[in-house]
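**Q** Only the shape, not the letters, is given here:
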């Protein structure tokens, strides 16, 4: 195996986060340390208005943000991330951004094992576009 000292600079780290529009902090994505009572209960609505944003970064640039939304009769609304939407985001946003920067062939694409990320069409486009793709499960 040939040692490649540039590989850490070629990793594209990426993930999505949900941001509630009413000011509530999504503690799934972060932890807050405070001096207040950690057992305090704060009532919340079950389905809050939120926006889902994806971002990727490499040592020398950021790709994004990419907002998962759709236009409905009621206007623009956030939507759940399904395999097709994730694939469309890769095909229509991420891959063209990397091609424009001339670094697609060097990218090591990192993603977690969330269901939309391991959808068959997503794995197919990832294998085609990224020569080195991690988080890819058989």
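**A** Cool, the structure landed. Treat the numbers as computed from the prediction; the structure is a model and nothing was measured. Numbering: from 1, shown residues only.

**Q** Give me the buried positions along the longest strand anywhere in the chain.
**A** In terms of residue count, the longest strand belonging to the chain (DSSP state E) is strand 61-72. Judged by neighbour count using 16 or more other C-beta atoms under 10 Å, the buried positions of strand 61-72 are 63-64, 66, 68. Every residue, glycine included, has its C-beta placed from N, CA and C.

**Q** Relative to residue 52, which of those residues is nearest.
**A** residue 68 (4.3 Å; C-beta to C-beta).

**Q** The closest one touches residue 16, doesn't it?
**A** Yes. With contact defined as C-beta atoms under 8 Å, residue 68 reaches residue 16; the gap is 7.4 Å.

**Q** Give me the common contacts of those two.
**A** Counting by C-beta atoms under 8 Å, 6 or more residues apart in numbering, the common neighbours of residue 68 and residue 16 are 52-54, 81.

**Q** All the strands of this protein, residue numbers only.
**A** 11-20, 50-58, 61-72, 75-78, 108-109, 132-133.

**Q** would CSV of those with mean pLDDT and distance to residue 123 be doable?
**A** What follows is these, written out as CSV (pLDDT from 0 to 100; distance: least, C-beta to C-beta, whole Å):
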stretch, mean pLDDT, distance to residue 123
strand 11-20, 84, 15
strand 50-58, 85, 17
strand 61-72, 86, 19
strand 75-78, 71, 25
strand 108-109, 87, 11
strand 132-133, 56, 8
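
**Q** Give the pairing partners of the longest strand of the chain; include direction for each.
**A** According to DSSP bridges, strand 61-72 forms sheet pairs with strand 50-58 (antiparallel), strand 75-78 (antiparallel).
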